[in-house]
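>>> fold the following, please.
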Amino acid sequence: MQITFYGAARNVTGSKHLITTAQGKKILLDCGFFQNRGKDNDRVNRHFAFNPTEIDVLILSHAHIDHSGNIPNLVKQGFKGTIYTTQATIDLCNTMLTDSAFIQESDIEYINKKRKQNGQPKLEPIYDVEDVEKTMTLFRPVAIGEWKKIDNEVSFQFTDSGHILGSASVNLKVTENGNVKHLTFSGDVGRYHDLILKPPAAFPQADYILCESTYGNRLHDYSGDARQKLLDIVLDTCTVRKGKLIIPAFSLGRTQEIIYTLDRYKTEGKLPEIPVYVDSPLAIDATNIMRKHSEFFNLDVRKYMKKDSDPFGFSTLQYVRKVEESKKINDYNGPCIIISASGMIEAGRIKHHIKNNIENPRNTILIVGYCTPQSIGGQLMNGSETVKIFGVEYPVKAKVEVISSFSAHADYKELQQYLSCQDVSKVRKLFLVHGEYEVQLDFKEKLLQQGFRHVEIPEEGQSFNL
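So this is what the prediction gives:
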């Protein structure tokens, strides 16, 4: 059996790991978009470093675009196999991949105007809505805990990874020449005290492990402190300074955590009587899908739902879908909270909200999730005095706050806890994926101290025989 790392190798996006068995079966784990390569994103996402027609099966860990976003392109280029994932992930992918296609069509229209001015030929989007519709016919749901047999050589089981709704670790059992090998791909690992979701589950003993390492050298604050800090920022911005609180948040996961926290404060009478806007059609769809899949909710949320049947709705909360309604928010001069995508402030309506509010010192921009250093969100986190939005440089006069413990990614202690179900003497090799290289080097040292003997940090395109 051979594994080749085609993405999320010494970086945090583009998750793609290809397994080739002794009999030649090709199993792709995830097929995500690269999102942190600037102008090079389009090129690296258009072209695969392997032949899509040769892939037999795709197993998807979760719906985030850096894990699922390039699946329609895989199908467009000839993949005809089965895509296995959880039902919640299928529901989310139907919405998120369609949204991705719409964004591409919009972006390519803008790019082609410039290319026409320069006498260059038009580009096509990487994929369109029709490609997404074709892709969705290939998905097949597999329940958490169920062993799914692919053929006489390969079977797998999902275990809950606690990262986002429907997210799962992939546990493969591969029989070659009478020998059984166990490989686990963590996907992205969530928090053990997540506000909404169940904690990551223990997984079967593995010979080989692919483990994410996004926060392999960081510790998050206690989530209870994050909830209190959010309330403190709301009161300071909206009650004391009479400003707007702008929260860039990923449509899936972070947005629902913020809404749920505000919902609880509203129930407790602690939230000011101010408008709260969720300005993202994708976030609205994702929230509705979360309402359908309460089986992933933790005990605390299910207990709260006995007195509040909708933990994602309260009297001053408004879900904004239409563009005209979104524009009206910027004309509102009173205190309010605006939650909008994307979390890194690299696309979507949030860029307009930041542009219109970043120069007002009464306002606050609150970063609540991971941002690459090059992104607008990353620049704000790092204290940049100016940021470029739509080609215009804006001075940062609004207050910038950061709450890292809303992150859906485990910190290094939680990753070690996730791996603690393993007998380290039986793990032949542990591969670190989905992390920046410097972070992975730090995490590797921690894992060696934990007792893991062979820890690899694969480069993009590197192969290993297992």
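
>>> remind me, longest helix of the protein?
In the chain, assigned by DSSP state H, the helix with the most residues is helix 87-117.

>>> in that helix, which residues are buried?
Neighbour-count burial for helix 87-117, counted by 16 or more other Cβ atoms under 10 Å, picks out 87-104, 108. Every residue, glycine included, has its C-beta placed from N, CA and C.

>>> try stretch 49-65
For stretch 49-65, burial by neighbour count (16+ other Cβ under 10 Å) applies to 50, 52, 55-65.

>>> circling back: now the longest helix of the chain: mean pLDDT?
Averaging pLDDT along helix 87-117 yields 90.

>>> repeat that for stretch 275-291.
In the prediction, stretch 275-291 has an average pLDDT of 96.

>>> what sits against residue 131?
Contact partners of residue 131, counting by Cβ atoms under 8 Å, 6 or more residues apart in numbering, are 72, 73, 75, 76, 101.

>>> check the offset of the helix or strand containing residue 157 from the chain's centre.
Secondary structure assigned from DSSP states H and E places residue 157 in strand 154-160. Remark: strand 154-160 is offset 21 Å from the chain centroid, using Cα atoms, centre = their mean, to the nearest Å.

>>> okay, the angle between it and helix 87-117?
Here strand 154-160 runs at an angle of 90 degrees relative to helix 87-117 (axes from the mean of the first three to the mean of the last three Cα atoms, to 10 degrees).

>>> for strand 154-160, name the packing helices and strands.
Contacts defined by 3 or more Cβ pairs under 8 Å, 6 or more residues apart in numbering; DSSP states H and E place strand 154-160 against strand 147-149, strand 168-176.

>>> the longest one pairs with which strands?
Spelled out, that is strand 168-176. strand 154-160 (antiparallel), strand 179-185 (antiparallel) (DSSP bridges).

>>> contact partners of the last one?
Read that as strand 179-185. With Cβ under 8 Å, 6+ apart as the test, strand 179-185 has contacts from 1, 3, 17, 19, 29-30, 59, 61, 169-175, 203-210, 466.

>>> going by neighbour count, list what's buried in that strand.
Per 16+ other Cβ under 10 Å, strand 179-185 contains these buried residues: 181, 182, 183, 184, 185.

>>> neighbours around the closest residue to the fourth one other than its chain neighbours, how many?
Pointing back at residue 184 there. Leaving out its chain neighbours, the residue that sits closest to residue 184 by Cβ to Cβ, 6 or more residues apart in numbering is residue 206, at 4.1 Å. Using other Cβ atoms under 10 Å, residue 206 has 27 neighbouring residues.

>>> would you mark the buried spots in stretch 343-357?
If you call a residue buried by 16+ other Cβ under 10 Å, then stretch 343-357 has these buried ones: 343-346, 348-357.

>>> kindly check the end-to-end length of it for me.
By Cα to Cα, to the nearest Å, the extent of stretch 343-357 from end to end equals 16 Å.

>>> what about that stretch, distance to the chain center?
With Cα atoms, centre = their mean, you get 18 Å for stretch 343-357.

>>> okay, now the domains of this structure?
What the record gives for the chain is the domain set 2-218+408-465, 223-406, from automatic domain parsing.

>>> where's the shortest one relative to the chain centroid, distance-wise?
Looking back up the chat, that one is domain 223-406. Distance, stretch centre to chain centre, for domain 223-406: 17 Å (Cα atoms, centre = their mean).

>>> my read is that residue 209 contacts residue 430, right?
Yes - shown here, residue 209 and residue 430 form a contact pair, counting by Cβ atoms under 8 Å, at 4.7 Å.

>>> now do the shared contacts for those two.
Common contact partners of residue 209 and residue 430 (Cβ under 8 Å, 6+ apart): residue 419.

>>> what is the neighbour count of residue 30?
The burial count assigned to residue 30 is 30, neighbours taken as other Cβ under 10 Å.

>>> that one touches residue 64, doesn't it?
No - here residue 30 lies out of contact with residue 64, judged by Cβ under 8 Å, at a distance of 9.5 Å.

>>> what do the two both touch?
In contact with both residue 30 and residue 64: no residue, using Cβ under 8 Å, 6+ apart.

>>> low-confidence ranges, this protein, go.
Counting by pLDDT under 70, the chain shows low-confidence ranges at 223.

>>> residue nearest the centroid of it?
residue 64 (4.1 Å; Cα atoms, centre = their mean).

>>> tell me the contacts of that residue?
32, 164, 188, 250, 252.

>>> before we move on, back to that, could you identify which of the helices and strands packed on strand 154-160 is most buried?
Of all the helices and strands packed on strand 154-160, strand 168-176 carries the top mean neighbour count, a mean of 23, counting by mean count of other Cβ atoms under 10 Å.

>>> all strands of the stretch 351-466 of the chain, in order?
364-367, 386-389, 392-395, 399-402, 429-433, 455-456, 463-465 (DSSP state E, counting those that start in this stretch).

>>> er, the stretch 201-350 of the chain actually
For the stretch 201-350 of the chain, the strands defined by DSSP E, counting those that start in this stretch occupy 208-212, 244-248, 276-279, 317-320, 336-340.
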